[in-house]
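Novice: Have a look at this prediction, sequence included:
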Amino acid sequence: LHICAAYDDAAGLAALADRCTVISTEFENVPADSLRVLARRCRVSPSGDAVAVAQDRIAEKQFIAAQGIAVAPYVAVHGADDLRCAGEHLFPGILKAARLGYDGKGQARVSNREDALAAFEAFGGVPCVLEALLPLDYEISVIIARGFDGANVVFPIARNVHHDGILAVSTVGEEGSLALQEQARQAAQAIAQGLDYHGVLCVEFFVLRNGALVVNEMAPRPHNSGHYTLDACVTSQFEQQARVMAGLPLGSTRLLAPAVMLNLLGDSWFDGETPREPDWAGALAVDCAKLHLYGKEEARRGRKMGHLTVVGHPLAKVQADAASVAQVLGLPAPDVRHG
Ligand code: ATP
Ligand code: MG
């Protein structure tokens, strides 16, 4: 059933509540107050309060820092004066609109104060954060599912590579530093507990060249970097969300085999000007490659159309197979991390 109404339409919300026992949202830009209204009548996951924090970079950074967890050095920008007074240590930096950004949209890399002022004006003067551009070694994400009883499970950590601000590759099952992984898991658990979060939550981290772990941001939902769980874990991130909503026990997050997930952007549909279907037969001829298409009708450059996951043993073979898939589909070659 499709109820078509504005997010804050009282009659639309009432119609939804009439028909549902439990309500979720697939993205974080639903007005938090609408979720709070629904919560008077239904179980809602994630809650309006949690979404209110996750949908606003200023509130999000304040909240995470208040948990004693490191975030990138930043300043909240409500007006041009905040940029005029911003510390020199924030340059070069990234100006990010506080709300409604995704896939690197609503962001500008700024090398100095003048650039930042120009970017702020180009964004229409909306509230922003200016954060320092950090020397990243690599990026990871932790997906956690937390039930209404407070029980939680954490998925294996994914290492993520972005191209042009968009997730391109997630790799799971690398050896990596156990101490760092434990630190990331604990930070995600502290954030979920601090928010009294119910549902699936993703926390994205930077690992800096000096080994420090910094939270980038969180997403109050199943996340692109957790799509590998569909094919490589006992329970997927989507099933966990359904289990939380139904009050069922959380499932095992055990990794069945190492995995590499490749995002499919609309770019793969373009060789010249006219879109054409990518070579699925060629990609699926690769051992243990699994294709997921989202059913979007129009392919556009930069638009997420689907993903492919390669699963198997050992990781080195999975990485070689993922590289073959990438070559067939004209995707950037997934990097392999050594050491
Ligand atoms: P998404 O919706 O894909 O998560 P987003 O639009 O919310 O993206 P961010 O996660 O803030 O954007 O940034 C996208 C990417 O840009 C990061 O994953 C990272 O590669 C890079 N990036 C963001 N902030 C910084 C920073 N302070 N220092 C260095 N790199 C950064
Ligand atoms: Mg991000």
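Specialist: Arrived safely. Ligands and ions are numbered 1, 2, ... in the order given.
Novice: what ranges do the helices span in this protein?
Specialist: With helices called from DSSP state H, the chain shows them at 10-19, 32-39, 48-54, 57-66, 80-84, 113-122, 178-194, 229-232, 237-246, 280-284, 315-329.
Novice: Mind putting those helices into JSON lines with mean pLDDT and distance to ligand 1?
Specialist: C-beta: built from backbone N, CA, C; applies to glycine. Shown next, in JSON lines, are the helices of the chain (pLDDT from 0 to 100; distance: least, Cβ to the nearest ligand atom, whole Å):
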{"stretch": "helix 10-19", "mean pLDDT": "98", "distance to ligand 1": "26"}
{"stretch": "helix 32-39", "mean pLDDT": "98", "distance to ligand 1": "18"}
{"stretch": "helix 48-54", "mean pLDDT": "97", "distance to ligand 1": "11"}
{"stretch": "helix 57-66", "mean pLDDT": "98", "distance to ligand 1": "8"}
{"stretch": "helix 80-84", "mean pLDDT": "98", "distance to ligand 1": "16"}
{"stretch": "helix 113-122", "mean pLDDT": "97", "distance to ligand 1": "13"}
{"stretch": "helix 178-194", "mean pLDDT": "97", "distance to ligand 1": "15"}
{"stretch": "helix 229-232", "mean pLDDT": "98", "distance to ligand 1": "17"}
{"stretch": "helix 237-246", "mean pLDDT": "98", "distance to ligand 1": "15"}
{"stretch": "helix 280-284", "mean pLDDT": "98", "distance to ligand 1": "23"}
{"stretch": "helix 315-329", "mean pLDDT": "97", "distance to ligand 1": "19"}
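Novice: Which one, of those helices, ends up nearest to H163?
Specialist: Comparison of those against H163 by Cβ to Cβ identifies helix 315-329 as nearest, at 11.7 Å.
Novice: just checking, what packs against the closest one?
Specialist: Judged by 3 or more Cβ pairs under 8 Å, 6 or more residues apart in numbering; DSSP states H and E, helix 315-329 is in contact with strand 166-172, strand 259-265, helix 280-284, strand 304-311.
Novice: how does it look with 10 Å?
Specialist: strand 166-172, strand 259-265, helix 280-284, strand 289-293, strand 304-311 (3 or more Cβ pairs under 10 Å, 6 or more residues apart in numbering; DSSP states H and E).
Novice: any chance of these in TSV, with mean neighbour count too?
Specialist: Output for these, formatted as TSV (neighbours: other Cβ atoms under 10 Å):
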stretch	mean neighbour count
strand 166-172	23
strand 259-265	26
helix 280-284	14
strand 289-293	16
strand 304-311	23
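Novice: out of the helices of the chain, deepest packed?
Specialist: Of all the helices of the chain, helix 229-232 has the most neighbours on average by mean count of other Cβ atoms under 10 Å, namely a mean of 24.
Novice: tell me the contacts of A326?
Specialist: 168-169, 260, 262, 268, 283, 286, 308, 310, 332-334 (Cβ atoms under 10 Å, 6 or more residues apart in numbering).
Novice: The helices of the chain into CSV, with extra columns for distance to G106?
Specialist: CSV is the format used below for those (distance: least, Cβ to Cβ, whole Å):
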stretch, distance to G106
helix 10-19, 27
helix 32-39, 19
helix 48-54, 15
helix 57-66, 10
helix 80-84, 16
helix 113-122, 10
helix 178-194, 22
helix 229-232, 28
helix 237-246, 25
helix 280-284, 32
helix 315-329, 28
